[in-house]
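Using only what follows, build the 3D model:
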Amino acid sequence: MISLQQLTKVYGHGANATVVLDHLDFEVDTAEIFAVVGPSGAGKSTLAACVNLLERPTSGSVVVNGEVLSDLSEARLRIARRRIGTIFQSDGLFARRTAAENVALPLQYLGVTTAETTRRVAELLDRVGLAQRANHYPHQLSGGQRQRVGIARALALNPSVLLSDEATSGLDPESTDAIVALLKELRDDLGISILFITHEMDTVLKVADSVARLDHGHIVESGSIVDLLQNPASGLGRALRPWRAHSEPVTGEVAWQLSYAASSVPTDWITQLSARLGVSASLLGASIETINGATVGHATVGLRGAEAARVIEVAEALGLDAQRTDLNGASDADDGGSGSDELERVA
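Got it, this is the predicted structure:
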């Protein structure tokens, strides 16, 4: 488990001081994948540097498994830092070392015996699916494979926490999916806590249990992925599930956006909605999927002759949030911004 308590980082002094991180509080539970997103300049890079203590926080604490790492001396910190494995945006591999030699570096630095290092490196490369690439150099590996070697190296010292700093940035979709699957597998098998810092909202949906939005050094919104997606008032939820294009309703129909606001929405909700309202409902478009075991998303339907108050009432009874929409992303409850706009502001 890793906990940040009132974490603050200030550069400069006096009138020239710049507060980059301002009293951050959040916790990543054991075996949880916690994502942090935010626009450029939000403080994500500084957060990563403070979490692994490459940068000392100005104040506040970084706590791993109950020990306050930020209070340790440099000598003790070098030992405690082994509990945090870091996966960097660029794989950080040494070009003149093979995959196996790159993974072996942390073990060699600690003076682990050659036999034990060989055994451990083989085990790690097998875990990340690169046992057959042990003697390949970085230039002989794909981007996704190089990142897998980086993950194996981050695991070399048996950390309890993995810090993933834009680890999937720049990878193609297939490689990204493979890295996401590997991280979830490691979480499940090893019980590792993973702090996943990224600007890729689609990746957050695939990998994270919880997410926080960092903006100008502040956590402005956070929660479990499912809770945010099922909360129509959540800006972060809208950014995670942006507006998708839908068909236009036929003449006389009014378009309604229906969002999953609970885990109990029946699978035949559109049939029930139509029956309870006594009107036909045409499906104009939908973006619905299962995230962390819960069905989330939204659909747009066209309704003819149904009273607005009645639509809202029936939808709520089915576990849905109903808002009239103009099909350009704005609804009666919006200020004119769309999910795509939210995504632009966050990412």
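
Next, the buried residues of the host helix or strand of residue 271.
Using DSSP states H and E, residue 271 sits in helix 269-277. By neighbour count on 16 or more other CB atoms under 10 Å, the buried set for helix 269-277 is 269-270, 272-274, 276-277. (Glycine included, C-beta is placed from N, CA and C.)

what do you get for stretch 56-68?
Applying 16+ other CB under 10 Å to stretch 56-68 flags 57, 60, 62-64 as buried.

For these, give me TSV that also has pLDDT and distance to residue 197.
TSV is the format used below for the buried residues of stretch 56-68 (pLDDT from 0 to 100; distance: CB to CB, whole Å):
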residue	pLDDT	distance to residue 197
57	93	16
60	95	18
62	93	14
63	93	18
64	90	17
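
Closest to residue 234 out of the residues you listed?
residue 60 (26.5 Å; CB to CB).

quick check, distance from the helix or strand harbouring the closest one to the centre of its chain.
Taking DSSP H and E as the criterion, residue 60 maps to strand 59-64. Its chain's C-alpha centre lies 22 Å from the corresponding centre of strand 59-64 when counted by CA atoms, centre = their mean, to the nearest Å.

List the neighbouring strands of it plus their orientation.
With DSSP bridges as the test, strand 59-64 is paired with strand 2-11 (antiparallel), strand 67-68 (antiparallel).

Just give me how far the shortest one sits from the chain centre.
Here strand 67-68 is found 25 Å from its chain centre; the criterion is CA atoms, centre = their mean.

related to what we said a few turns ago, export the buried residues of stretch 56-68 as a markdown table, with columns for distance to residue 232.
Listed next are the buried residues of stretch 56-68 as a markdown table, based on distance: CB to CB, whole Å:
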| residue | distance to residue 232 |
| --- | --- |
| 57 | 36 |
| 60 | 34 |
| 62 | 35 |
| 63 | 35 |
| 64 | 36 |
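
list the contacts for the nearest residue to residue 135 once chain neighbours are set aside?
Leaving out its chain neighbours, the residue that sits closest to residue 135 by CB to CB, 6 or more residues apart in numbering is residue 98, at 5.1 Å. Applying CB atoms under 8 Å, 6 or more residues apart in numbering, we find residue 98 in contact with 134-137.

And these, which of them are buried?
Looks like these have 134, 136-137 buried, using 16+ other CB under 10 Å.

got those as TSV, with secondary structure and pLDDT columns?
Shown next, in TSV, are the buried ones among the contacts of residue 98 (DSSP: H, G, I helix; E, B strand; the rest coil; pLDDT from 0 to 100):
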residue	secondary structure	pLDDT
134	coil	96
136	coil	97
137	coil	97
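
Could you chop the protein up by domain?
Using automatic domain parsing, the domains assigned to the chain come out as 2-229, 235-346.

These: lowest mean pLDDT?
The minimum mean pLDDT among the domains of the chain belongs to domain 235-346 (a mean of 84).

wait, residue 103 sits on residue 121?
Yes. With contact defined as CB atoms under 8 Å, residue 103 and residue 121 form a contacting pair (4.8 Å).

Give the residues shared as contacts by the two.
152, 156.

ok, those two, which is more surrounded?
residue 103 (29 against 24; other CB atoms under 10 Å).

SS state for that one?
Three-state call for residue 103 (DSSP: H, G, I helix; E, B strand; the rest coil): helix.

which residues does it contact?
Counted by CB under 8 Å, 6+ apart, residue 103 has contacts 121, 124-125, 149, 152-153, 156.

The helix or strand harbouring residue 311 packs against which elements?
Assigned by DSSP H and E, residue 311 falls within helix 308-317. Where contact means 3 or more CB pairs under 8 Å, 6 or more residues apart in numbering; DSSP states H and E, helix 308-317 is packed against strand 254-260, helix 269-277, strand 320-324.

quick one, helices of the stretch 201-347 of the chain?
Along the stretch 201-347 of the chain, counting by DSSP state H, counting those that start in this stretch, helices occupy 201-207, 225-229, 235-240, 269-277, 308-317, 339-346.

that older thread, mind checking which of the helices and strands packed on helix 308-317 is nearest residue 36?
Checked against CB to CB, the stretch from those lying closest is strand 254-260, at 24.5 Å.

got the contact list for the closest one?
Taking CB under 8 Å, 6+ apart as the rule, strand 254-260 contacts 229-230, 232, 246, 249, 269, 273, 284, 288, 295-304, 306, 311, 315, 319-327, 331.

just the strands in this protein please.
Assigned by DSSP state E, the chain shows strands spanning 2-11, 18-28, 33-37, 59-64, 67-68, 84-87, 161-165, 193-197, 210-215, 218-224, 254-260, 281-291, 294-303, 320-324.

Would you reformat the ones you listed as TSV and include distance to residue 242?
Putting these into TSV (distance: least, CB to CB, whole Å) gives the following:
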stretch	distance to residue 242
strand 2-11	28
strand 18-28	24
strand 33-37	13
strand 59-64	33
strand 67-68	39
strand 84-87	27
strand 161-165	23
strand 193-197	20
strand 210-215	14
strand 218-224	16
strand 254-260	12
strand 281-291	9
strand 294-303	10
strand 320-324	15
